[in-house]
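> After the sequence you'll find the predicted model.
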Amino acid sequence: MRTIFATLVATTALVGGAHAATIYPLDRATILNGSPFDFKVEFKSVVKPEDVKITVNGQDYKAIFGADAQFIAEEKGKEDKVLGSALMLRNAKLSAGSYKIEAQAGDEKKSVTWDVYATADKPVAKNIIFFLGDGLSVAHRTGARIMSKGMTEGKANGHLNMDGLDRMAFIGTSSTNAIATDSANTMSAYMTGHKTAVNALGVYADRTPSSLDDPKVETIAEAVRRTTKKSIGIVSGAELEDATPAAVVAHTRARADKAEIVGMMFNVKPDVVLGGGSAYFLGKSVPGSKRKDDKDYIAEFKNAGYTLATSKTELDAAAATNPAKLLGLFHTGNMDTILDRKLLKKGTVDKFPDQPGLVDMTKVAINQLAKNQEGFFLMVEGASIDKMSHPMDWDRAMYETIEFDQAIGVGLEFLKSHPDTLIVVTGDHTHGVSVIGTIDDDKPGTEMREKVGTYADAGFPNYEDKDGDGFPDKVDVSRRLAVFSSNFPDYYETFRPKMDGPFEPAIQNEKKQYVANEAYKNVPGAVFREGNLPRNADTAVHAVDDVVLQATGAGSAGFKGYMEESDVYKVLADAFAIGAPKAK
């Protein structure tokens with residue numbers, strides 16, 4: 001009996017334990033028919049090439065892939081430490097079917113299965129508009145609806161644009177190396193159909209030190225370029241090199257490779273690119289540049305036929321000239337929030353006073369892209385829903401959600417006259433945020449904690465929208481939403497909107513630990529909250545909760561039930577038929 005048990009343990013260790021090889025793509029990968037991907041096998045020991053046996057459905061891999069791979073006798077890690085041998089084959093392709101890949105060298109064994117899927121022969125959608133609310137959670141939707149539309153006797157006085165989308169699914173957001181996640185690997189899964197590790201974009205994160213040599217998978221922009229004549233657009237209020245917009249085009253294990261990501265974006269050349277992040281387009285000699293070289297990507301884009309806009313005024317003027325291609329760079333970093341641009345004039349609005357909003361950019365992008373009779377793919381990101389939720393700046397986050405929803409309205413208006421359009425609205429991950437009631441300044445006393453109303457004591461907030469623009473006329477009303485996070489560093493809860501500028505809850509001390517920012521300590525009624533996160537956290541973090549996806553239009557019936565983010569790509573690919581079994 002002991003002998004049988006020992007054999008089972010040893011076999012398990014060889015197949016899936018510490019001594020097993022690693023194969024990329026990983027087990028249960030879903031791969032688009034005809035889509036190029038990099039195939040890699042990593043062995044944990046140094047082996048000879050003649051001892052390596054790799055089969056695909058029982059046949060030698062060379063017979064299936066039609067090419068030989070590079071054998072790396074000694075793959076090295078940091079400080080030239082030998083990690084083992086490896087085999088790499090770039091730009092492999094497979095036709096639709098089920099595949100079992102087995103790798104063996106010495107006592108190392110590994111097997112994985114892949115599902116290579118084909119799409120429909122003919123597209124059902126001419127256009128896809130993919131709206132991504134970064135960090136968009138249910139509470140953001142609820143809060144935005146109440147603030148924008150109001151509520152009477154328990155019923156909303158109006159609906160958000162996203163409320164009317166008729167298809168829905170719950171989306172799992174976990175990464176390949178943790179249940180938790182970030183915006184890079186989540187958006188990458190949407191845009192490639194492959195799950196990956198935290199911080200990675202368009203690659204499987206391997207063991208080598210370089211962030212730019214990992215096994216690549218094709219992005220949707222590359223697939224659209226490869227198989228169609230459609231136009232491509234990217235719109236974001238963030239730096240265009242940030243995780244979400246980068247995922248449309250990029251291949252790197254490190255989302256921080258922003259200078260390199262600009263080069264990857266230039267290689268794909270989306271027809272419309274609008275957002276922030278000009279610091280990574282400018283050569284290092286230009287004031288404000290964050291590049292370490294003299295590469296001038298603004299000049300490169302201009303030479304490639306792009307019209308440049310650096311303000312709303314210039315964007316409107318450029319759009320009126322019917323440019324062939326359009327590059328809009330409206331901030332050196334992330335663009336300011338709608339609350340700052342519209343009402344408070346804080347943040348960096350004084351330095352960039354003429355920034356377009358997400359609605360402005362979405363209108364221009366759709367109008368420009370729609371001129372292509374072959375259709376288009378457009379990604380629109382509401383970036384600062386997330387960027388304001390991290391520091392628990394809930395008023396800014398809710399205003400951002402309202403603006404994001406108004407951008408969705410632009411897409412829905414386009415859908416009315418272009419029914420061959422698929423509109424998808426989703427988040428990349430959630431935040432641990434909840435609306436629990438109201439905060440009523442008119443309650444007696446000075447303790448703000450006692451002014452929080454729950455259950456029947458909550459009543460209704462008293463936001464007003466007298467000018468009818470969909471945004472509350474003021475954020476510091478006397479009875480406002482009580483919004484809190486489930487996770488946080490040490491900080492001072494003020495129970496008030498952050499009127500003087502975006503919230504910075506924790507700052508680093510001399511021990512490199514994050515402690516409560518004492519700038520808020522003396523705000524009347526402020527309460528110190530001891531954090532429940534490690535002391536290396538300066539803000540709230542993402543939640544593992546499922547994301548809600550909603551969709552409408554051509555091909556939207558594919559969204560239903562529980563799906564992984566990588567499954568969403570299948571629906572997008574099917575709508576465009578970019579993985580058809582026969583060449584188009």
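All right, it came through fine. All figures in this text were calculated on a predicted structure; none of them were measured in a lab.

> low pLDDT regions in the stretch 451-584 of the chain?
583-584 (pLDDT under 70).

> Can you show me the helices along it?
Assignment of helices within the stretch 451-584 of the chain using DSSP state H, counting those that start in this stretch yields the ranges 565-576.

> quick one: the strands in it?
Taking DSSP state E, counting those that start in this stretch as the test, the strands found in the stretch 451-584 of the chain are 452-453, 479-485, 491-493, 506-508, 514-516, 527-529, 542-543, 547-553, 562-564.

> Grab the nearest non-local neighbour of Thr446.
Computed as C-beta to C-beta, 6 or more residues apart in numbering, the closest residue to Thr446 that is not its neighbour in sequence is Gly525, at 5.6 Å. For every residue, glycine as well, the C-beta is placed using N, CA and C.

> residues near the one you found, how many?
As a burial measure, Gly525 scores 16 neighbours (other C-beta atoms under 10 Å).

> ok, it touching Val452?
No: contact criterion C-beta atoms under 8 Å: Gly525 and Val452 do not qualify, at 10.8 Å.

> shared neighbours, these two?
Shared contacts of Gly525 and Val452 (C-beta atoms under 8 Å, 6 or more residues apart in numbering): Phe495.

> ok, how many other residues are close to Asp386?
One way to gauge burial is a neighbour count; for Asp386, by other C-beta under 10 Å, it gives 29.

> Not counting its neighbours along the chain, what's nearest it?
Beyond its immediate neighbours in the sequence, the residue positioned closest to Asp386 (C-beta to C-beta, 6+ apart) is Gly135, lying 3.2 Å away.

> before we move on, what about Gly277?
Glu239 is the one closest to Gly277 (C-beta to C-beta, 6+ apart), at 3.0 Å.

> what's the answer for Ile507, then?
The spatial neighbour of Ile507 that comes closest, neighbours along the chain excluded (C-beta to C-beta, 6+ apart), is Asn517 at 4.9 Å.

> Contact partners for that neighbour?
Residues in contact with Asn517 (C-beta under 8 Å, 6+ apart) are 491-492, 504-507.

> Need the mean per-residue confidence for the lengthiest helix in the chain.
Taking DSSP state H as the criterion, the chain has its longest helix at helix 394-417. In this model, helix 394-417 has a mean pLDDT of 98.

> Now it: buried residues?
By neighbour count, with 16 or more other C-beta atoms under 10 Å as the criterion, the buried positions of helix 394-417 are 394-412, 414-415.

> ok, then the element right after it?
In the C-terminal direction, the helix or strand that comes right after helix 394-417 (DSSP states H and E) is strand 421-427.

> Between helix 394-417 and that next one, find me the angle.
Here strand 421-427 runs at 170 degrees with respect to helix 394-417, directions being taken by axes from the mean of the first three to the mean of the last three C-alpha atoms, to 10 degrees.

> picking that back up, got the angle between the longest helix of the chain and strand 547-553?
In this structure, helix 394-417 runs at an angle of 20 degrees to strand 547-553, with the same axes, to 10 degrees as the basis.

> so helix 394-417 versus strand 479-485, what angle?
With the same axes, to 10 degrees as the basis, helix 394-417 and strand 479-485 are set at 100 degrees to each other.

> Now do helix 394-417: distance to the chain's middle.
Distance, stretch centre to chain centre, for helix 394-417: 17 Å (C-alpha atoms, centre = their mean, to the nearest Å).

> and Asp163, what does it touch?
With contacts defined as C-beta under 8 Å, 6+ apart, Asp163 is in contact with 141, 145.

> Quick check: phi and psi on it?
Dihedral angles of Asp163 (phi, psi; degrees, to the nearest 10) stand at phi -60, psi -30.

> What of Leu533?
phi -110, psi 160.

> quick revisit: quick one: contacts for the residue nearest to Thr446?
Under the criterion of C-beta under 8 Å, 6+ apart, the contact partners of Gly525 comprise 446-449, 451, 494-495.

> Mind jotting down where the strands sit in the stretch 101-250 of the chain?
Listed in chain order, the strands found in the stretch 101-250 of the chain under DSSP E, counting those that start in this stretch are 108-117, 127-133, 151-152, 155-156, 167-172, 231-239.
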